[in-house]
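Chemist: no FASTA, just this:
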């Protein structure tokens, strides 16, 4: 099954043309750590005051719920545990629960007031429950052959523990990522949403668009329209820096009979007979892209343009846990 990032599914349900900034699509930053979290259905442990888990853990964020003043402390605790599951928390450390359960907050509302109680705890994440690091992109090692140079230019693109792009080391790498990679990525990309890009998805009309904005100016804009709702192909309009007009392309995707993942992509100018480039993709056993090779087409010949090796995080990248 082709991957659809959770942020896309949650953020876009309508066919409106509003672009949503990337920073609003990323999960909230943990208040106490950068440990990646995933929602789960496990039981959530509860510790009080000076108690602590008997295995390695991280202090990651505060967890809070609100409820009717008539709810019991036990009901509030169960509500807090359910919230912890949604936020990927494995255990809760609660202090002064007696004081918290006897505190009611009132706020003015019209001619009356709204009364509620809240319960707050420190959220903990067990290290042995973090089994998804190998699904988070860590680095892309690039070999690039520009202008038929026999010696490739080598560089890397780096991502943090949550798969979010780290600052580029130079302008060349930044332009390569935005102009050659990201502008051709649709909603099924493995990249986390970028903060300087805005996004729009219209699922009813099979349309996806995004644009890079700097200083309130749109520098790059990509618009994907599936051909007749068919995943095999799409028309793309791309506006790159320094241009006022959109270039129109046709993107073709090829799938094997045994996989729902495209093993090859081909791009050409709209209605052109020859391709601009052809791309070969190999995958790991879990369906994540492993290597990418793109070939430029020149006078009917395929010339290797770049080769990318994707490296994913491991649990060894996690910081030292408390115990």
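Modeler: Done, it's in. Please read all numbers here as calculations on a predicted model, not as lab measurements.
Chemist: Packing partners of the longest strand along the chain?
Modeler: The residue-count maximum for a strand in the chain (DSSP state E) belongs to strand 112-126. Counting contacts by 3 or more CB pairs under 8 Å, 6 or more residues apart in numbering; DSSP states H and E, strand 112-126 packs against strand 57-67, helix 73-86, strand 91-94, helix 97-101, strand 105-109. To be clear about C-beta, it is placed using only N, CA and C from the backbone, and glycine gets the same treatment.
Chemist: For the residue lying closest to residue 185 once chain neighbours are set aside, give its distance to residue 312.
Modeler: With CB to CB, 6 or more residues apart in numbering as the criterion, residue 185 has its nearest non-adjacent residue at 6.3 Å, and that residue is residue 191. Taking CB to CB, to the nearest Å as the measure, residue 191 falls 13 Å from residue 312.
Chemist: what residues do these two have in common as contacts?
Modeler: residue 137 (CB atoms under 8 Å, 6 or more residues apart in numbering).
Chemist: returning to what we had before: for the helices and strands packed on strand 112-126, which one sits closest to residue 134?
Modeler: Across these, residue 134 has its closest neighbour in strand 57-67 (18.2 Å, CB to CB).
Chemist: Tell me what angle the closest one forms with helix 73-86.
Modeler: 130 degrees (axes from the mean of the first three to the mean of the last three CA atoms, to 10 degrees).
Chemist: Which neighbouring elements make contact with strand 57-67?
Modeler: Partner elements for strand 57-67 (3+ CB pairs under 8 Å, 6+ apart): helix 73-86, strand 112-126.
Chemist: ok, now which ones touch residue 264?
Modeler: Taking CB under 8 Å, 6+ apart, one finds 253-254, 278-281 in contact with residue 264.
Chemist: Return the distance of the helix or strand that it is a member of from the chain's centre.
Modeler: Using DSSP states H and E, residue 264 falls within strand 262-269. In terms of CA atoms, centre = their mean, to the nearest Å, the centre of strand 262-269 is found 23 Å from the chain centre.
Chemist: That one: partners in the sheet, and parallel or antiparallel?
Modeler: Its sheet considered, strand 262-269 pairs with strand 247-255 (antiparallel), strand 277-283 (antiparallel) by DSSP bridges.
Chemist: Only whichever of the contacts of residue 264 are buried, select them in ChimeraX.
Modeler: The buried subset of those, as determined by 16 or more other CB atoms under 10 Å, is captured in ChimeraX by this line:
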select :253,278,279,281
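Chemist: okay, now residue 77: neighbour count?
Modeler: Residue 77: 20 surrounding residues under other CB atoms under 10 Å.
Chemist: Which secondary structure state is assigned to residue 286?
Modeler: Residue 286 carries the three-state label coil when classified by DSSP: H, G, I helix; E, B strand; the rest coil.
Chemist: Now it: phi and psi?
Modeler: phi -90, psi 0 (degrees, to the nearest 10).
Chemist: contacting residues for it?
Modeler: Going by CB under 8 Å, 6+ apart, residue 286 touches 134-135.
Chemist: So what's the predicted local confidence for it?
Modeler: pLDDT recorded at residue 286 is 91.
Chemist: gap between it and residue 310?
Modeler: For residue 286 relative to residue 310 (CB to CB), the value is 12 Å.
Chemist: Check which residues of stretch 122-130 are buried.
Modeler: For stretch 122-130, by 16+ other CB under 10 Å, it's 122-127, 129-130.
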